[in-house]
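> coordinates only, no sequence provided:
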């Protein structure tokens, strides 16, 4: 058997303004965080904010319990789809994690321990 050298080829992303892109992104470990309406509101707010900031037109989206689909068109080539998605994912993760911690703390603060009979 011949020894062939295998090169690791990493394809670079390329973007074209005014072209339609289909994007799918999933939550970490496919955690179903979008079963909560408040988390969906956070995500939609971030999509709205970053679509304005990065001049991306949103044609359609679907939010499912553990992932998101977007149909978008970048209007200008000043920013990439990666910049747009990094913004959405970063801000929504911070806000949802903060929100969930707040809910966890609030839920745990109402738990009362009952001393054992010892």
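Looks like it came in fine. Because the structure is predicted, anything quoted here is derived from the model rather than measured. Numbers count the residues shown, from 1 in each chain.
> neighbouring contacts of the helix or strand hosting residue 48?
According to DSSP states H and E, residue 48 maps onto helix 37-53. The contact list for helix 37-53, computed with CB atoms under 8 Å, 6 or more residues apart in numbering, reads 33-34, 56-58, 61, 63, 68, 70, 72, 84, 87-88, 91-92, 95-96, 99-100. Yep, even glycine has a C-beta here, placed from its N, CA and C like the rest.
> can you turn the buried part of the residues you listed into a PyMOL selection?
Buried residues among those (16 or more other CB atoms under 10 Å), as a PyMOL selection:
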select buried, resi 33+34+56+68+70+72+84+87+88+91+92+95+96+99
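> can you tell me which of the contacts of helix 37-53 are in strands?
If you go by DSSP state E, the contacts of helix 37-53 have 56-58, 61, 63, 68, 70, 72 in strands.
> what's the farthest-apart pair in the residues you listed?
Across the ones in strands among the contacts of helix 37-53, the longest distance by CB to CB is 18.1 Å; it joins 57 and 63.
> how far does stretch 66-82 sit from its chain's centre?
Here the centre of stretch 66-82 is set off from its chain's centre by 12 Å, with CA atoms, centre = their mean, to the nearest Å.
> scratch that, stretch 24-38
8 Å.
> pull the contacting residues for the residue most central in space within the chain.
Central residue of the chain (CA atoms, centre = their mean): residue 89, 3.6 Å from the mean position. The contact partners of residue 89, by CB under 8 Å, 6+ apart, come to residue 25.
> that one and residue 52, how far apart?
17 Å (CB to CB, to the nearest Å).
> got any ranges where the chain has weak pLDDT?
1, 11, 102-118 (pLDDT under 70).
> 50 instead?
Scanning the chain with the threshold set as pLDDT under 50 gives 106-116, 118.
> remind me, longest helix of this structure?
Taking DSSP state H as the criterion, the chain has its longest helix at helix 81-109.
> what about that helix, distance to the chain center?
Chain-centre distance of helix 81-109: 10 Å, with CA atoms, centre = their mean.
> same question, stretch 55-70
Relative to its parent chain, stretch 55-70 has a centroid offset of 10 Å by CA atoms, centre = their mean.
> stretch 30-46 too?
Stretch 30-46 has its C-alpha centroid displaced from the chain centroid by 9 Å (CA atoms, centre = their mean).
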